[in-house]
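In: generate a structure from the sequence data that follows.
(4 chains)
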Amino acid sequence: MKKTLSISAVALMLIGALIIAGCGGGKQQAPKTEAKKETVKVGVILPLTGSEAMFGAMEKNSMEMAYEELKAAGKTTVGGKEIELKFEDDQSKQDAAKAAAEKLINQDKVAMLSGGYSSANTNVIAGTAQSKGIPFLIVTGSADKITQQGWQWIFRGTAAPASKYTGALWDLIDKVIKPKSVAIIYENTDFGTSSAEGFRKVCKEKGINIVFDQAYEKGAIDFKPMLANMKKTNPDVVFAVSYVMDASLIAKQMKELDFNTKLFIGGAAGYTMPEFKENAGDASEYVASTTLWIPNVAWKGAADYFKKYKEKYGKEPDYHGAQAYATMYIIADALGRAKDFTPAGIQKALKETDLMTIMGPIKFEDWEGYTNQDKPTTYVVQWQKGKLEVVWPEEAASAKLVFPVPNWKERK
Amino acid sequence: MSLFGQTVICGILLGGMYALIAIGMTLIMGVMKIINLAHGALVMVGMYITYVCYKSWGLDPYIGMLIAMPALFLIGCLIQRYMINRLVEVDSILPENQVLLTVGIMLVLTELARLIFKSDYRSVTTGYSSSTFFVGDMSISIPMTVGFFIAMAFTYLLHLFLTRTDLGRSIRATAQDRNAAIYMGVNAPRVTVITFGIGSALAAAGGSLLLPLFYLWPDIGHLFTAKAFIITILGGMGSTMGAIFGGLTLGIAESLGATYISMGYKDVVGLVIFLLVLLFLPGGFKSLTKR
Amino acid sequence: MSFFEVKNIVKNFGGLTAVNNVSFTVEKGEIFGLIGPNGSGKTTIFNLINRFYPLTSGEIYFQGQRIDGLPTHKICELGIGRTFQVVKPLRRMTVLENVMAGAFLHTGSIARARAKALEVLDFCALAHRKDVEAKSLTIADRKRLEIARALATEPKLLLLDETAAGLNPKEQEEAIAIIQKIRDAGITIIIVEHVMKVIMGISNRILAINFGREIARGTPREIANHPEVIKAYLGDAYA
Amino acid sequence: MTAKSWLTPTIIAVVALVLPFLLRDPYPQHILIMILIWATLGTAWNLLGGYAGQVSFGHAAFFGLGAYSAGLLFLHLKISTWWGMLLGPFVATAVAVPIGLICFRLRGPYFALATLALGEIFRLVFTNWVKFTHGAQGILILSTFPTKLPYYYIALAIWGLAMFTLNRLINSKLGYYFVSIREDQDAAESLGIPTTRYKMYAFLPSAFLAGLTGAFYMNYIAFIDPHVVFSLGDISVMVILVVMMGGVANPWGAPVGAAIYIALNEIFRAWLGSANVLAFGILVCLVILFLPNGVMGELGQIRRTAFRQKPAAAGGGQK
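Out: Take a look at the predicted model:
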């Protein structure tokens, strides 16, 4: 009996191996109809299922939209070859991200990689790409350390290191807000922790008193105990790094607690998204946030992108979509300039990038310990009458900052 | 002092919400003795039904609840009848494969929701979503208070149902000793089907009450499943009153933990209490009243 | 000092007293019977002896050593084996493996455990079913498996809980034969039994209890004629 | 041991050794490595859950401790994460001792829930103890080897160790005792089996192997964060699924389950797009409904169907 079991075990394992080998031919993805033309493959790894799927889907849509535009303009044909996007789902899990990266590099022989939403998965993809010597252009993953390793194959254009999201904010703080005390709350994720760390560091340099500093686990129903505790310290300004829905709950519950500050500033992520306004309702009014992008930013094409996306997919995109859209343009630009499609050739072309996108000018530079990292342009925005307005830097402003904001009870 | 008061009030209201979700689970666990990891997913389905009612027909979540509950009752009955009850008859090495079946159900429900509704965050903003009243300088959320009292009412109704009706008594008999109940002529498979249905309907009620003040996306279930377990064990499996006490204990413990330790560690506080009760009071709070 | 002694044991479950101040002694080599109506506390006494439940108060001695307070497995190690009224076969193990699980108490070697188990199975006339999974045994064979498994731990004292319950007359005869064979092998036995024919036929002495309390003790004949015992059983019959 | 009983392991060993030369592409090799990782983790779980019947919903704790032992060595002492392969299993085992002492007082669903809670506590502590663990930022290293082959053989060796350990344990007195405890703890105790101690004998090697797997995972994937390695859904529950699909209490259960899980996951991911997790969920339901003891378990069952009979009802109770 033991024997039959073991033999069937072997058989099963072999069958399993054969199946894998079978997919090895790469036949699972039906060849495109225009396959006669040779292609340059670009692997894109995004979370299409799992907890981050919402953003993965938005980024995939945006890239496809950009691709169609480029194609219409004839820019997807580079050096006689057609750019082909190969999307892989990382299931919001890093095992799958690793598998996807391995598959794209080794099986599909992609010329370069892109994608990467969560910091964790971006880390794994970057590690794989670096050890294989394949260029990887990050879309969203913003952990500081990804571009701090000195990894030559990793490029980050449309995303800032998490601790640099606050660039424009400091200017605003120095010139207008001049707070004596700040409170920091942040989700205990990679992005939240890095952002808070960056903010804390600058506060200390500037001698701003941090009166409250706490991390929380995302997905809570009730933030009031933490907020009540924070209210007691009476900070001039609150700086909060939160996911979309935590952000709206925090705003709402601050209102419920009648917790007034001179200004509430979100650290990108949740506080700029349409879902934030929808859920927080009037509690979103006057909430400010740093951000990398908003639809009415001055860069050419930004508003068009927003409009087109909304028409096509029936939903408002946020800066994640813009990142993906701009990334597609960077890819097409770099591949268009590349002398050959070897990894080194593409790496060189990427390095020489100097492109204007809807995210602003993109260049890959080495600075402050970062490698191949674009110097981000950041903005401070504020919700005013249910619309997101740029309030800083002043030259890009679409509205004037309301500061200090009126107390909850003084609002209509 | 007002900080302490505010913390406790938040805890009590939050506890009421937790309790409502947990009542369904404690009923199911009490009768079937299985760990139902799909419970949160059932809450999620209930929330989506209420959400659709709101978006399509403008029904207030409190009314949408009346549609979501029977719908979930039906879904629960089907799951129990055609899936879990099938397993009870099967001779497997580990009875825990029932748990794994609920994991499968959870995956299917979650991914179906994702296919239909995408992963987008949804929310229902009603006029009263963030309305409050103040006692001294302590703020009290109105929808949470309403939810709290509805939770209490459901618990009381369930208690009446379990003690006053024949069906309720059959459910209790099955919970106490399945074999003995069968000898006494109780149709145990049917009772478990109805129990699972009621448990699911209560999960839907909990979800609907949370909808105005929370939000919704396909993976939301995970948040609730863990809480519901903790409360079920704190209160004692199968005890509706225990679920209320368990919910309040967890709510208050989490709030105090968030205020006085750190928001990041509040879940640890809940889990530690959970472990302590498991070890030193294995019957939950229910066993205290029996002595 | 007696071979085995139970002294004033009491067990409360919540407000309920299941065993109330029961004492008895058992001498080496005898068969000691324990009778009483349903729910009178017989099985509870077994569960107290091998410490499935802790005593509320009282003392238990085995070969001069106090054993209440020792964990269950230790009590078995000292030489007290038991069977269960509601049989507990290790369902997915074969009959042989069941008995081997008992035989491993005194050896670490599979070969020796197997030899010992085969020997015991032979003794209990169960050898022909040795490769059957325990879950597919008949009730009579399961009862026998209980005994075989306990015997494999080489007990000096064996607690038999309702070994003949649910058996037909022929199977009861066989059960009696096995019990006597065990006694003849020099193992002391305490037997809880509902089937009067069995217990009256083989016990040296009998203790009758009701509502957790002693109501009579003596030889089988004395017990059979004891008014309290008759009342208890008639009452039971009317219940 | 007869010559025959050595035959199949030898064949498997030979096949496993030459397999990477048949599948030279790094992608299938990566799949094989993932299968080996899950096979080892599954084998560790199977020892405790399948054989001794103690269904742990918290094995991610040991996997994560192994991974973090390796990662933290690098983070704080700047020494290679490979040393974690030595340290990790022992850390996991050491932590398992108090956990075992606590949880083995509980039975059935209570045990399962206690381990679940402990696993979650580890995740939360490692997330929030930022100074020591870097919290959710995780630990990132650069892979040591550019090719897959070294990883493959290390993973194979670990799996071999796991299979060897499992086989040695279950084909000894311990194996009989484990199964006795699983089948009926009271009966086992009454047969003189110190059940808590023997549960520990199953638990400690199980934690050791899980820790070893975790340490290897750190080295191979080259990035860990608490959310991933202490995950309830993706590690603790998934390992149970893997074993249950393959076959509970069957030495080949974990490897077969791992092969099915990883291979199907990849196939579904490639073919079904965003419906891949849905397909997996449906598959889980079907497997558990129709193959309740897993693929390997049911193979044995089919053999036995010939004289299968309904177990007689256990005697009614006097209680």
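
In: which residues touch residue 284?
Out: Here I'm looking at chain A. Each residue near A:S284 by CB atoms under 8 Å, 6 or more residues apart in numbering or on different chains is listed here: A:248, A:251, A:276-277, A:383, A:386. In this view, the C-beta of every residue, glycine as well, is placed from N, C-alpha and C.

In: let's do chain D instead
Out: Counting by CB under 8 Å, 6+ apart, D:V284 has contacts B:100-101, B:103-104, B:107, D:241, D:245.

In: among those residues, which are in helices?
Out: Among the contacts of D:V284, the ones falling in helices (DSSP state H) are B:100-101, B:103-104, B:107, D:241, D:245.

In: what about the chain, any weak spots by pLDDT?
Out: Unless you meant another one, I'm taking chain A. A:1-36, A:412 (pLDDT under 70).

In: oops, I was thinking of chain D
Out: Along chain D, segments meeting pLDDT under 70 span D:1-5, D:300-319.

In: ranges for the strands of it?
Out: Here chain D has its strands, by DSSP state E, at D:139-140, D:223-224.

In: same question for the stretch 151-300 of chain A.
Out: Per DSSP state E, counting those that start in this stretch, the stretch 151-300 of chain A carries strands over the ranges A:154-156, A:181-187, A:209-216, A:237-241, A:263-267, A:288-291.

In: with chain C instead?
Out: According to DSSP E, the strands that chain C contains are C:4-13, C:16-26, C:31-35, C:57-62, C:65-66, C:80-82, C:157-161, C:188-192, C:205-210, C:213-218.

In: contacts for the fifth one?
Out: Which is strand C:65-66. C:59-60, C:78.

In: strands paired with that strand, and their directions?
Out: strand C:57-62 (antiparallel) (DSSP bridges).

In: how many other residues sit next to C:E77?
Out: 17 (other CB atoms under 10 Å in any protein chain shown).

In: distance of the residue lying closest to C:A185 once chain neighbours are set aside relative to C:I179?
Out: Spatial nearest neighbour of C:A185, excluding adjacent residues (CB to CB, 6 or more residues apart in numbering or on different chains): C:F123 at 8.0 Å. Separation of C:F123 from C:I179 (CB to CB, to the nearest Å) stands at 12 Å.

In: okay, these two: which has more neighbours?
Out: Ranked by neighbour count (other CB under 10 Å), C:F123 and C:I179 place C:I179 first, with 25 against 17.

In: once you drop chain neighbours, what's closest to that one?
Out: Of all residues not flanking C:I179 in the chain, C:I202 sits nearest, at 5.9 Å (CB to CB, 6+ apart).

In: hmm, back to that, out of the contacts of strand C:65-66, which are buried?
Out: C:60, C:78 (16 or more other CB atoms under 10 Å in any protein chain shown).

In: for the contacts of strand C:65-66, which one is nearest A:D304?
Out: Distance to A:D304, by CB to CB, is smallest for C:L78 among these, at 87.6 Å.

In: and that closest one, what pLDDT?
Out: C:L78 is assigned a pLDDT of 94 by the prediction.

In: next, the contact list for it, please.
Out: So C:L78 contacts C:62-63, C:65, C:67, C:70 (CB under 8 Å, 6+ apart).

In: selection in PyMOL covering whichever of those residues are buried, please.
Out: Filtering the contacts of C:L78 down to the buried ones (16+ other CB under 10 Å) takes a single PyMOL command:
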select buried, chain C and resi 62+63+67+70
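
In: those residues of the stretch 101-250 of chain B touching chain D, which are they?
Out: For the stretch 101-250 of chain B, the residues in contact with chain D (CB under 8 Å from any CB of the partner chain) are B:101, B:103-108, B:110-112, B:114-115, B:179-180, B:183, B:222, B:226, B:229-230, B:233.

In: what's the nearest residue to A:N121 if we skip its chain neighbours?
Out: Nearest-residue entry for A:N121: A:A97, 4.0 Å, with adjacent residues in sequence omitted and distances by CB to CB, 6+ apart.

In: send me the strand or helix carrying that neighbour as CSV with only the CA atoms.
Out: Secondary structure from DSSP states H and E places A:A97 in helix A:94-102. Presented in CSV, the C-alpha positions along helix A:94-102 are these (Å, rounded to 0.1, in the frame of the first residue of the first chain):
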residue,chain,number,x,y,z
GLN,A,94,5.1,39.3,-2.4
ASP,A,95,5.5,35.6,-3.2
ALA,A,96,3.4,36.2,-6.3
ALA,A,97,5.3,39.4,-7.1
LYS,A,98,8.6,37.4,-7.0
ALA,A,99,7.1,34.7,-9.2
ALA,A,100,5.7,37.2,-11.6
ALA,A,101,9.1,38.9,-11.9
GLU,A,102,10.9,35.6,-12.4
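
In: which elements pack onto that helix?
Out: strand A:39-46, strand A:81-89, helix A:119-132, helix D:26-45, helix D:195-221, helix D:253-272 (3 or more CB pairs under 8 Å, 6 or more residues apart in numbering or on different chains; DSSP states H and E).

In: quick check, the second one touching chain D?
Out: So that's strand A:81-89. Yes - Strand A:81-89 is in contact with chain D by CB under 8 Å from any CB, via A:88-89.

In: just checking: what are the partner strands of that strand?
Out: Paired neighbours of strand A:81-89 in the sheet (DSSP bridges): strand A:39-46 (parallel), strand A:77-78 (antiparallel).

In: any idea which of those strands is most buried?
Out: By mean neighbour count, with neighbours taken as mean count of other CB atoms under 10 Å in any protein chain shown, strand A:39-46 ranks first of the strands paired with strand A:81-89 at a mean of 25.

In: what sits against the residue most central in space within chain C?
Out: Chain C has C:L160 as the residue nearest its centroid, 1.9 Å off, counting by CA atoms, centre = their mean. Applying CB under 8 Å, 6+ apart, we find C:L160 in contact with C:82-83, C:147, C:179, C:189-193.

In: cool, and D:L140?
Out: Contacts of D:L140 by CB under 8 Å, 6+ apart are A:123, A:127, A:145-146, A:149, D:222-223.

In: how about a cut-off of 6 Å?
Out: A:123, D:223 (CB atoms under 6 Å, 6 or more residues apart in numbering or on different chains).

In: any idea what it is bridged to?
Out: Assigned bridge partners for D:L140, using DSSP bridges, are D:F223.

In: all the helices of the stretch 1-150 of chain D, in order from the start?
Out: Under the criterion DSSP state H, counting those that start in this stretch, the stretch 1-150 of chain D carries helices at the ranges D:3-22, D:26-45, D:60-77, D:84-103, D:108-128, D:130-133, D:149-170.

In: out of these, flag the one nearest chain B.
Out: Closest to chain B of these, according to CB to the nearest CB: helix D:108-128, at 4.2 Å.

In: tell me the helices and strands packed up against the closest one.
Out: If contacts are counted by 3 or more CB pairs under 6 Å, 6 or more residues apart in numbering or on different chains; DSSP states H and E, helix D:108-128 sits against helix B:266-280, helix D:60-77, helix D:84-103, helix D:226-229.

In: quick one: that helix to chain centroid distance?
Out: Counting by CA atoms, centre = their mean, to the nearest Å, helix D:108-128 is centred 16 Å from the centre of its parent chain.

In: got the buried residues for it?
Out: D:109-128.

In: and what of stretch D:161-175?
Out: Across stretch D:161-175, burial judged by 16+ other CB under 10 Å covers D:162-163, D:165-166, D:169-170, D:173-175.

In: now the helices and strands packed on helix A:94-102 as CSV including distance to A:K231?
Out: Shown next, in CSV, are the helices and strands packed on helix A:94-102 (distance: least, CB to CB, whole Å):
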stretch, distance to A:K231
strand A:39-46, 40
strand A:81-89, 43
helix A:119-132, 31
helix D:26-45, 46
helix D:195-221, 42
helix D:253-272, 47
